[in-house]
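Novice: Build me a model from this:
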Amino acid sequence: MSILIVGTVAFDAIETPFGKTDKIVGGAATYISLSASFFSKNLNLVSVVGDDFPKEAIHTLQKHNVDTKGLQIKKGKKTFFWSGKYHNDMNTRDTIETQLNVLETFDPVVPEEYQEADYLMLGNLIPSVQKRVLEQMKKRPKLIVLDTMNFWMDHFLDDLKEALKEVDVLTINDEEARQLSGEYSLVKAANVIQEMGPKYLVIKKGEHGALLFNKDEVFFAPALPLEEVFDPTGAGDCFAGGFIGYLEKTDDISFGNMKRAVIHGSAMASFSVEKFGTERVVSLTNKEVENRLKTFINLAKFDIRLANN
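Specialist: Just a heads-up that it's a prediction; the model follows:
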């Protein structure tokens, strides 16, 4: 089995109330790949960078079992760059600068050996690009997960709705779910969005956890209370990586196993925020992941005795 991951490999410059960085490695596909690598050993990446992207960053991905044959390196071009500043609540942010660079003309080419992937993770990209990836698959993957954002809803809503018809799982945050559905209640929002195509919906609520919807079934996973949160930039993508990585490892896409996948995704997201950029995820050990998962289990585990009337 294998996972095909499509998304951005990029540079970020981040400022939070706890510090700021110069240009560092980021991008949705970077975070997803690194996170998924703790569960899956057969990861394939499709993305694009300029020749300014450091070779050591590509080697880091390769050391985490990520095949980079599908990573286009454009000579004489610059890598996608995003700069942002987070507010004190760490949930809202302002975009300072966006340089599309190679992303502006990105045409994804899925290598032949990737075209029969069992699991497909479509990271946050323009919906028409996500659709072009789907068109190159020789067979329909067992599970297709798509991530998106409010910018695409603002400017490419029709394209996004076309892509949603093809996917099994949509992962978005609560603000995006309300925008896409036109409903304030997340339960009503989930019903509307599932009618657009996805069988499952994951709504990420940052420090307030995550919700998983499938028809009338709902599951809630708490977020881990952390002493320090330095950088939430890659948390959602690390969640997606842990989620699909665990599903591929277990090869079980039942609702019951998706609940376990949400916990694994939440655990990986909790690591990501502890340092700037990919630093924490790159330095993670399997033992740390195992211990963090145990912490999550204890967080939500309890016994209850109902009082007799």
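
Novice: what about the most centrally placed residue in the chain, distance to Pro127?
Specialist: Closest to where the C-alpha atoms of the chain average out (CA atoms, centre = their mean) is Asp237, at 2.6 Å. Applying CB to CB, to the nearest Å, the value for Asp237 to Pro127 is 17 Å. Where you see a C-beta, it was placed from the backbone N, CA and C, and this is true even at glycine.

Novice: list the contacts for the closest residue to the residue nearest to the centre of the chain other than its chain neighbours?
Specialist: Nearest residue to Asp237, sequence neighbours excluded (CB to CB, 6 or more residues apart in numbering): Tyr31, at 3.5 Å. Going by CB atoms under 8 Å, 6 or more residues apart in numbering, Tyr31 touches Gly234, Asp237, Cys238, Gly241, Ser272, Thr278, Val281.

Novice: Neighbour-wise, give me the winner out of these.
Specialist: Gly241 (35 neighbours; other CB atoms under 10 Å).

Novice: buried residues in the helix or strand hosting that one?
Specialist: Following DSSP states H and E, one finds Gly241 within helix 235-250. Going by neighbour count (16 or more other CB atoms under 10 Å), the buried part of helix 235-250 is 235-249.

Novice: now stretch 151-158
Specialist: Neighbour-count burial for stretch 151-158 flags Trp152, Met153, Phe156 (criterion: 16+ other CB under 10 Å).

Novice: Any chance of JSON lines for the residues you listed, columns distance to Lys199 and secondary structure?
Specialist: Below are the buried residues of stretch 151-158 laid out as JSON lines (distance: CB to CB, whole Å; DSSP: H, G, I helix; E, B strand; the rest coil):
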{"residue": "Trp152", "distance to Lys199": "21", "secondary structure": "helix"}
{"residue": "Met153", "distance to Lys199": "20", "secondary structure": "helix"}
{"residue": "Phe156", "distance to Lys199": "23", "secondary structure": "coil"}
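
Novice: Among the residues you listed, show me the least confident.
Specialist: Ranked by pLDDT, the buried residues of stretch 151-158 bottom out at Trp152, which has 90.

Novice: Just confirm Thr171 is within a helix.
Specialist: No. Counting by DSSP: H, G, I helix; E, B strand; the rest coil, Thr171 falls outside a helix, being strand.

Novice: Name the nearest residue to it, sequence neighbours excluded.
Specialist: Closest residue to Thr171 apart from its sequence neighbours, by CB to CB, 6+ apart: Val202 at 4.3 Å.

Novice: ok, now Phe106?
Specialist: Val48 (4.8 Å).

Novice: and the one you found, how many neighbours does it have?
Specialist: Residues near Val48, counting by other CB under 10 Å, number 25.

Novice: Looks like the residue nearest to the centre of the chain contacts Leu34 (just checking).
Specialist: No. At 9.1 Å, Asp237 does not count as touching Leu34 under the criterion of CB atoms under 8 Å.

Novice: show me the contacts for Pro111.
Specialist: Asn44, Val46, Lys69, Gly70.

Novice: Please read off the pLDDT at the first one from the model.
Specialist: Read it as Asn44. Reported pLDDT for Asn44: 98.

Novice: count of residues packed around it?
Specialist: Other residues close to Asn44 by other CB under 10 Å number 23.

Novice: show me the contacts for it.
Specialist: Ser2, Ile3, Leu4, Ile5, Val66, Asp67, Lys69, Gly70, Pro111, Glu113, Tyr114, Ala117.

Novice: sorry, back to before: for the residue nearest to Thr171, give me the backbone phi and psi.
Specialist: In terms of degrees, to the nearest 10, the main-chain angles of Val202 are phi -110, psi 120.

Novice: Need the max-distance pair from the contacts of Tyr31.
Specialist: Using CB to CB, those span at most 11.2 Å, a distance reached by Gly241 and Thr278.

Novice: Show me whatever sits in contact with both of the two.
Specialist: In contact with both Gly241 and Thr278: Tyr31, Leu34, using CB under 8 Å, 6+ apart.
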